[in-house]
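Show me how the following folds:
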Amino acid sequence: MIPRYGRQICFLVLVWNRVVAALPDWPDSPHGLREFPRQLDVYAKDNFGFRDQLVGVYSTLRYLVRSPTSEQVTFGRNGWLYYTSDEIFEQSRGQIFRAGRVNDFVDIVARLNELIAARGGRMIVALPPNPHSVATEHLPSWALRFEGPSEYNAILEMLTRRNVAAVDLRPALEEGKVIGPVYRPRNTHWTSLGALLAFNAVAAKLDHRDWIIDPAEVLKGTKADHGDLAAMLGVADMAPDINTSLDLSNYEPDRAVTENFDDFSHQPSYAVETSNSGETVLVMGDSYSRKIMKGYFTARAGRLVWTHFRWCGFDWSLIEENLPATVIVMPAERYALCWEGKKPLNFPAPRVERH
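Numbers count the residues shown, from 1 in each chain. Reported below is the predicted structural model:
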């Protein structure tokens, strides 16, 4: 009954603007295959009334009985949700070790360190941990057993042997739990407090204690936020996420002008010129640093340049063009691996000694 009468209502509304979508033909080309899901969705919306409402009710009921509607999400304890793709549970629990990709990552980062040092700069590696590696008190019971050394530990050890400065962010985040939440319960990212604690750990490792921002001074409590994991389950409205609220007004530079680069559609690079007298800092990261850490770096740096690490496919020319005094390499733990075939763009080849 609902689909029948809903279709009539849908037709009466839509017929004034366009013809009701017909069932799409089966695709016969790669382009058609890419378009088929969208065309099928339009058909369903036009021909089955109240579809969105029914899907919403279905998602809500599944959520209430702790039955995820997406294979990318699983339920933790205390209302938490956890991401499941990218073998993230196995990575944090030490159940997987992708030696080739780990070695490629370490080789590229070590080479990057040599190039930056040769230009008079310095570099540090700081990998934002998976929530699964830190927010362990909310993990599902089946995920509580950690079985071996993790890729995170191995990367830190290998970098140390290659004389690459690195900081383990996990202790600072663990200790920071007494201050407030460091990861978000229904989102794949850390809170603004977690990001600040990581920033302070990096500053300390760089011996830039003048950069450190006291969390007690800026933390103003918590606030509701959008949860990407809840959205994957279709319950973002009924299960809002929780983030921390920070007031950085006392740390904002008098002037900060942002220039956006059109170099990577996923998360474009940018540069910020500030009125600070500090150095140029270049951060190579991902969504864990692009927006949420911008205010921390611009509070201290004279110039901030941010670019995506691109799973080892970053563009070296951006470093050469900006001549940063400090480079911070910080892809998230689950992305601290080189994707197959990914290599830095415009990367100088190692010099071959001839005898």
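
All the strands of the stretch 51-200 of the chain, residue numbers only.
73-75, 81-83, 122-125 (DSSP state E, counting those that start in this stretch).

Quick one: closest of these to E157.
Nearest to E157, of all these, is strand 122-125, at 12.1 Å by C-beta to C-beta. Using the backbone N, CA and C atoms, a C-beta is placed for each residue, glycine as well.

Just name the most buried of the strands of the stretch 51-200 of the chain.
Ranked by mean neighbour count under mean count of other C-beta atoms under 10 Å, those are led by strand 81-83, which reaches a mean of 24.

How far away from the center of its chain is that strand?
14 Å (C-alpha atoms, centre = their mean, to the nearest Å).

Am I right that V283 is in a helix?
No. V283 is assigned strand when assessed by DSSP: H, G, I helix; E, B strand; the rest coil, not a helix.

In a markdown table, list the strands of the stretch 51-200 of the chain along with distance to P215 and mean pLDDT.
Below are these laid out as a markdown table (distance: least, C-beta to C-beta, whole Å; pLDDT from 0 to 100):
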| stretch | distance to P215 | mean pLDDT |
| --- | --- | --- |
| strand 73-75 | 30 | 94 |
| strand 81-83 | 25 | 97 |
| strand 122-125 | 21 | 98 |
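
Which one, of those, ends up nearest to M232?
Across these, M232 has its closest neighbour in strand 73-75 (5.1 Å, C-beta to C-beta).

for the closest one, packing partners?
The contact analysis (3 or more C-beta pairs under 8 Å, 6 or more residues apart in numbering; DSSP states H and E) places strand 73-75 against strand 81-83.

which helices and strands sit right next to the strand it packs on?
Judged by 3+ C-beta pairs under 8 Å, 6+ apart, the packing partners of strand 81-83 are strand 73-75, helix 131-134, helix 228-232.

ok, and which of the ones you listed has the densest surroundings?
Of all the helices and strands packed on strand 81-83, helix 131-134 carries the top mean neighbour count, a mean of 25, counting by mean count of other C-beta under 10 Å.

For that one, name the packing helices and strands.
strand 81-83, helix 88-92, helix 170-176.

and stretch 310-321, how far out from the chain's middle?
With C-alpha atoms, centre = their mean, you get 18 Å for stretch 310-321.

how about the helices of the stretch 201-350 of the chain, start to end?
Ranges of helices in the stretch 201-350 of the chain, per DSSP state H, counting those that start in this stretch, are 215-218, 228-232, 294-298, 316-322.

Tell me which of those helices lies nearest to E35.
That would be helix 228-232 among these, by C-beta to C-beta, at 22.6 Å.

got the CA positions of that closest one in PDB?
The C-alpha coordinates for helix 228-232 follow below in PDB (Å, rounded to 0.1, in the frame of the first residue of the first chain):
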ATOM      1  CA  ASP A 228      30.700   9.800  10.000                       C
ATOM      2  CA  LEU A 229      30.300   6.300  11.400                       C
ATOM      3  CA  ALA A 230      26.800   7.000  12.500                       C
ATOM      4  CA  ALA A 231      26.100   8.500   9.100                       C
ATOM      5  CA  MET A 232      27.300   5.200   7.500                       C
END
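
Show me what it packs onto, helices and strands only.
Applying 3+ C-beta pairs under 8 Å, 6+ apart, we find helix 228-232 packed against strand 81-83.

neighbouring contacts of the strand it packs on?
72-76, 88-89, 131-132, 139-140, 143, 185-186, 188, 227, 229-230, 233 (C-beta atoms under 8 Å, 6 or more residues apart in numbering).

can you check stretch 135-152 too?
Outside of stretch 135-152, the residues within contact range by C-beta under 8 Å, 6+ apart are 74-78, 80, 82, 89, 91-98, 102, 127, 129, 132-133, 168, 170, 182-183, 185, 333, 336-337.

again, but for stretch 253-260
Taking C-beta under 8 Å, 6+ apart as the rule, stretch 253-260 contacts 268-276, 298-299.

Average the pLDDT values over it and round to the nearest integer.
In this model, stretch 253-260 has a mean pLDDT of 96.

got the buried residues for that stretch?
For stretch 253-260, a neighbour-count test (16 or more other C-beta atoms under 10 Å) marks 253, 256 as buried.

What would that stretch look like as PDB? C-alpha coordinates only.
The C-alpha coordinates for stretch 253-260 follow below in PDB (Å, rounded to 0.1, in the frame of the first residue of the first chain):
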ATOM      1  CA  PRO A 253      47.700  35.600  15.000                       C
ATOM      2  CA  ASP A 254      46.800  39.100  14.100                       C
ATOM      3  CA  ARG A 255      46.900  38.200  10.500                       C
ATOM      4  CA  ALA A 256      46.400  34.900   8.700                       C
ATOM      5  CA  VAL A 257      45.900  34.700   4.900                       C
ATOM      6  CA  THR A 258      45.200  31.300   3.400                       C
ATOM      7  CA  GLU A 259      46.000  30.300  -0.200                       C
ATOM      8  CA  ASN A 260      44.400  27.100  -1.400                       C
END
